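Trainee: Model the structure of this input:
(chains A and B)
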Amino acid sequence: MQYSNEMKIIFPNKSSNEGFARVAVAAFAAQLDLTVEEMSDIKTAVSEAVTNAIVHGYENLKGYITVECKILDNTIEITVNDSGHGIADVEKARQPLYTSRPELERSGMGFTVMETFMDEVSVTSALGVGTTVTMKKRISPKE
Amino acid sequence: MKLEKTGGILIVRLDGELDHHYATKIREAVDGAVMVGDVRKIIFDFTGVGFMDSSGIGTLMGRYKLMQTLGGSVGVFGISPRLDKLLSMSGIKKIISIYNSEKEAVGGVS
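Mentor: Okay, the predicted model is just below:
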């Protein structure tokens, strides 16, 4: 597939990088003609996926998170990958209000937020290998 | 973030971007102030919050649970339409009070 543009960033799983990741993706996405609402949708979804990778992917271990963005026509595809523990039951993890770590005050709304703000969300995960979340958003044509 | 305590009311003025990183700091500061004692209600001022993800919901839920055990309550004001969308999605508006202004939030203390 021929993408018109793409980028990749890799950073360690520090919570201070949550802000970096969503701002970096927003800066890249800005080349599409986005509304403020669409930009906020993307930033929020990226924040959820990256936070999941930091909090759940690696838990207390150190590791790296890769965020890739690809633009094809009017669609932006964002992939967030960690090489951490993996998710045993992806369907369960995607249920609203489900959290594997209630002690950290995670609301369990991460995947629900991603699904609400993006057009497509797919999750592939394998125990001991890691998790990849791929999200797509079609940008509405502007006048 | 600024904390102001008047009578039994703790007003927490948030600023910037409410993500998991910032949520950890809010949790420590607010719970610390509550543990000092005499807080019957926590009011979060969201006026200065430009971004929030589901970490904000978790933070509010956590403070709600804390205040419930102490017999107190939690309220918020200064919610933008964007933040309101997230709060509505989570159902948290059923358990915490959303006020239109600071005056209303403070006056709403029973």
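Trainee: which residues sit in contact with the spatially most central residue of chain B?
Mentor: Most central in chain B under Cα atoms, centre = their mean is residue B:44, positioned 3.3 Å from the mean C-alpha point. The contact partners of residue B:44, by Cβ atoms under 8 Å, 6 or more residues apart in numbering or on different chains, come to B:12, B:14, B:60, B:63, B:74, B:75, B:76, B:77. C-beta coordinates here come from the backbone N, C-alpha and C atoms, glycine included.
Trainee: List the ones among those that fall in helices.
Mentor: The helices in this structure, assigned by DSSP state H, contain B:60, B:63 from the contacts of residue B:44.
Trainee: Among the contacts of residue B:44, which pair sits farthest apart?
Mentor: Across these, the longest distance by Cβ to Cβ is 14.7 Å; it joins B:63 and B:77.
Trainee: And the two? Which one has more around it.
Mentor: Using other Cβ atoms under 10 Å in any protein chain shown as the criterion, residue B:63 and residue B:77 rank with residue B:63 on top: 25 against 21.
Trainee: Read off the pLDDT value for the more buried one.
Mentor: As summarised for this prediction, residue B:63 has a pLDDT of 96.
Trainee: With the one 3 residues further on instead?
Mentor: Reading off the per-residue confidence, residue B:66 sits at a pLDDT of 95.
Trainee: same question, residue A:96
Mentor: The predicted local confidence for residue A:96 is 87.
Trainee: same check, this time on residue B:110
Mentor: Confidence at residue B:110, expressed as pLDDT, is 43.
Trainee: any idea which helix or strand carries residue 42?
Mentor: All of this is about chain A. Under DSSP states H and E, the secondary-structure element containing residue A:42 is helix A:36-52.
Trainee: I was thinking of chain B, sorry if that wasn't clear
Mentor: According to DSSP H and E, residue B:42 maps onto strand B:41-52.
Trainee: just how off-centre is that strand within its chain?
Mentor: For strand B:41-52, the gap between its own C-alpha mean and the chain's C-alpha mean amounts to 6 Å (Cα atoms, centre = their mean, to the nearest Å).
Trainee: likewise stretch A:49-63?
Mentor: Here stretch A:49-63 shows a centroid-to-chain-centroid distance of 12 Å under the convention Cα atoms, centre = their mean.
Trainee: so how far is the first residue of it from its last?
Mentor: This stretch, stretch A:49-63, spans 15 Å end to end (Cα to Cα, to the nearest Å).
Trainee: which outside residues touch that stretch?
Mentor: Counting by Cβ under 8 Å, 6+ apart, stretch A:49-63 makes contact with A:12-15, A:17-18, A:21-22, A:65, A:67, A:78, A:80-85, A:87, A:100-101, A:104, A:106, A:110-111, A:114, A:130-131, A:133, A:135, B:19-20, B:53, B:55, all of which sit outside it.
Trainee: make it 7 Å
Mentor: A:12-13, A:15, A:18, A:21, A:65, A:67, A:80, A:82-85, A:100-101, A:104, A:106, A:110, A:114, A:130-131, A:133, A:135, B:19-20, B:53, B:55 (Cβ atoms under 7 Å, 6 or more residues apart in numbering or on different chains).
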